[in-house]
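K.L.:
build me a model:
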Amino acid sequence: MPAPQSPAPRTSAGHQPAARDRYDAVIVGGGHNGLVAAAYLARAGQSVLVLERLGTTGGAAISTRPFAGVDARLSRYSYLVSLLPDKIVRDLGLDFAVRKRTVSSYTPAVRDGRPTGLLVAGDRTRESFAALTGGEREYAAWQRFYGMTQRVAERVFPTLTEPLPARDALRERIDDPDAWRMLFEEPLGVAVEENFADDLVRGVVLTDALIGTFADAHDTSLLQNRCFLYHVIGGGTGDWDVPVGGMGALTDALAAAARAAGAEIRVRHEATRIETDGEAAEVTVRTPDGEHVVAARRVLVNASPQALAALLGDTPPPPAEGAQLKVNMLLTRLPKLRDRSVDPRQAFAGTFHIAEGYGQLADAYRDAAAGRLPAAPPSEIYCHSLTDPSILGPDLAARGYQTLTLFGLHAPARLFAADNDAARAALLKATLAELDAHLEEPVTDCLALDERGEPCIEAKTPLDLERDLRLPGGHIFHRDLSFPYADEGTGRWGVETAHANVLLCGAGAVRGGGVSGVPGHNAAMAALGR
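P.N.:
Prediction:
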């Protein structure tokens, strides 16, 4: 496909034009979705340039060594994989793999003054339900409910890499009126309360509706339903898998695939403006050596809708607000649990729920909505290195070191606006105290030390993520998630904008959010007219 002939590129004083200053496609942002789009377009024979502001590609899907002098490569921001279709891995020939976790989740509790918990782990699940709830009812309800979500997943997940279905078409495809009502029409809290009686079990179900999403179980906007849906449809199973080698292994593989197909990737190249007449575009680029302009037939923007509006000079969308605390830790050993029926290697291998009973989640939401840090902050933890020790250096692995990733809920950006540092410290302390309530030793006693003698722990608030990654308001999905069907103005693929040759290929696209590559795939398909 020929490169555009107009408009001609402009150069600033001192700029030496690159080998090519006209492209079929310029992609703004080298995160995983931008790299997916670049690989697809380059494989289709198009000339492609990827512009990345930072010194490396990957965006939020990276692996880094955050602790000075410590050979542990952590998935610093995003950390598990569910929504990445096998189709993308196959199409692009990615050298990338995931591993299943042996445990889905563990939730500690205290019943009649005795430490106990709920372990969801294959054959042990039924026994754990019976021990916790004293009967079969909740386990049977669990089986029915998640049987329903799996049937929905099997029908919905394949549509994510197809043109957007109409709402009625998706409902017909699901072919389950009760499931449609529970997931698409009524607040999720209604289904949770209809199906489950135990407060702890209700809370475990609801947590998938609150990841990076500030909402109540009965929010009439159904924001919690949308979040829940994306957390239970991945791969047609809802499984959340561990990326072998860490999340950076995926983005490294994507960058390699894009380059192998002929795409150019330039880091420390920041797009600052897009001008378009709908047929040809010019992208102003700031580099360490100055500023220049690149011409393209079309531009794909792997950034937030707010960033897209700023680049085009358009009216920005409503502000977004993230709502999470992200904590990375390196431990010399896993702490012992007060619940002696579960080995720590089992409890931390899956998702370890903390202060996530149904009533606790409601209380935390009310606190945060009133402008207060939650008195009992809810969070969840998992240990990557139990499933994939390759992220640890050989010496650390031999000595039994482990990583812990903690994701805190109901921590909206507004809580950190007055004093980010003080609020971060206070929330981290309270969050770890909730974890310690279920341990025989404080988790801080297990922290490794870096080369300076500092504990290996870091915490990121929404404001930190906004600063580090330019996530609007620290929102990990760029904006509120959408149901995966066509709505007014969504376009054929859910990536279209008001400008015919400008597409949104980031998490803010319809069917965006999470590490999926879906917006990148869909923007490439839209660009190719498929």
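
K.L.:
next, count neighbours for Pro519.
P.N.:
31 (other C-beta atoms under 10 Å). C-betas here are computed from N, CA, C, even on glycine.

K.L.:
near the residue nearest to Glu440 when sequence neighbours are not counted, how many other residues are there?
P.N.:
Of all residues not flanking Glu440 in the chain, Lys336 sits nearest, at 4.2 Å (C-beta to C-beta, 6 or more residues apart in numbering). Neighbour count of Lys336, defined by other C-beta under 10 Å: 13.

K.L.:
ok, the one 10 residues further on next?
P.N.:
By other C-beta under 10 Å, the residues close to Gln346 number 18.

K.L.:
may I have the phi/psi pair for it?
P.N.:
Note on Gln346: its backbone torsions stand at phi -80, psi -50 [degrees, to the nearest 10].

K.L.:
again, but for the one 5 residues further on
P.N.:
Torsion angles at Thr351 (phi, psi; degrees, to the nearest 10) stand at phi -90, psi 120.

K.L.:
what are the bridge partners for it, then?
P.N.:
Beta-bridge pairing of Thr351 under DSSP bridges involves Ser105.

K.L.:
settle this for me: it is touching His384, isn't it.
P.N.:
No: contact criterion C-beta atoms under 8 Å: Thr351 and His384 do not qualify, at 12.0 Å.

K.L.:
more neighbours: which of the two?
P.N.:
His384 (28 against 23).

K.L.:
show me what the helix or strand encompassing Ala526 is packed up against.
P.N.:
Using DSSP states H and E, Ala526 maps to helix 518-527. Other elements packing on helix 518-527 under the criterion 3 or more C-beta pairs under 8 Å, 6 or more residues apart in numbering; DSSP states H and E are helix 32-43, helix 86-91, strand 290-301, strand 502-504.

K.L.:
redo those as JSON lines? Include mean neighbour count.
P.N.:
As requested, those are exported to JSON lines (neighbours: other C-beta atoms under 10 Å):
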{"stretch": "helix 32-43", "mean neighbour count": "30"}
{"stretch": "helix 86-91", "mean neighbour count": "15"}
{"stretch": "strand 290-301", "mean neighbour count": "23"}
{"stretch": "strand 502-504", "mean neighbour count": "26"}
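
K.L.:
ok, back up a step: ok, the residue nearest to Glu440 - contacts?
P.N.:
Lys336 makes contacts with Pro344, Leu439, Glu440, Glu441, as judged by C-beta atoms under 8 Å, 6 or more residues apart in numbering.

K.L.:
how close does the third one sit to Leu528?
P.N.:
The one in question is Glu440. Distance of Glu440 to Leu528, given as C-beta to C-beta, to the nearest Å: 58 Å.

K.L.:
of all the helices and strands packed on helix 518-527, which one comes closest to Glu496?
P.N.:
Comparison of the helices and strands packed on helix 518-527 against Glu496 by C-beta to C-beta identifies strand 502-504 as nearest, at 6.4 Å.

K.L.:
now the closest one, how far from the centre of its chain.
P.N.:
Computed by C-alpha atoms, centre = their mean, to the nearest Å, the separation of strand 502-504 from the middle of its chain amounts to 21 Å.

K.L.:
which residues touch it?
P.N.:
When contacts are defined by C-beta under 8 Å, 6+ apart, strand 502-504 is touched by residues 274, 276, 281, 298-301, 305, 308, 312, 495-497, 519, 523, 526-527.

K.L.:
now with 10 Å?
P.N.:
For strand 502-504, contacts defined as C-beta atoms under 10 Å, 6 or more residues apart in numbering pick out 25, 27-28, 33, 37, 274, 276, 278, 281, 296, 298-305, 307-308, 311-312, 314, 478, 491, 493-497, 509-510, 512, 519, 522-524, 526-527.

K.L.:
what subset of those is buried?
P.N.:
Neighbour counting by 16 or more other C-beta atoms under 10 Å classes 25, 27-28, 33, 37, 274, 276, 281, 296, 298-305, 307-308, 311-312, 478, 491, 493-497, 509-510, 512, 519, 522-524, 526-527 among the contacts of strand 502-504 as buried.

K.L.:
now stretch 109-122: average pLDDT?
P.N.:
Stretch 109-122 shows an average pLDDT of 96 in the prediction.

K.L.:
what of stretch 504-520?
P.N.:
For stretch 504-520, the per-residue pLDDT averages 97.

K.L.:
gap between the two ends of it?
P.N.:
9 Å (C-alpha to C-alpha, to the nearest Å).

K.L.:
quick one: distance of it to the chain centre.
P.N.:
10 Å.

K.L.:
and stretch 24-37, by the same measure?
P.N.:
Stretch 24-37 has its C-alpha centroid displaced from the chain centroid by 18 Å (C-alpha atoms, centre = their mean).

K.L.:
first-to-last residue distance for it?
P.N.:
End-to-end distance (C-alpha to C-alpha), stretch 24-37: 13 Å.

K.L.:
can you tell me which residues contact the closest residue to Ala523 other than its chain neighbours?
P.N.:
Spatially, and ignoring its direct neighbours in sequence, Ala523 is nearest to Cys505 (3.5 Å; C-beta to C-beta, 6+ apart). Counting by C-beta under 10 Å, 6+ apart, Cys505 touches 27-29, 31, 33-34, 36-38, 299-303, 493, 495, 512, 517-524, 526-527.

K.L.:
right, and Asn501 touches Glu279 too?
P.N.:
Yes: with contact defined as C-beta atoms under 10 Å, Asn501 counts as touching Glu279 (6.3 Å).

K.L.:
ok, those two, which is more surrounded?
P.N.:
Taking neighbours as other C-beta under 10 Å, Asn501 and Glu279 compare with Asn501 leading, 20 against 11.

K.L.:
next one: Ala303 from Ala310, what distance?
P.N.:
Separation of Ala303 from Ala310 (C-beta to C-beta): 9 Å.

K.L.:
please apply the same query to Pro115.
P.N.:
For Pro115, the distance to Ala310 - C-beta to C-beta - is 51 Å.

K.L.:
check Gly59 too.
P.N.:
17 Å.

K.L.:
tally up the residues packed near Thr159, please.
P.N.:
17.

K.L.:
do the same with Leu330
P.N.:
Neighbours of Leu330 (other C-beta under 10 Å): 25.
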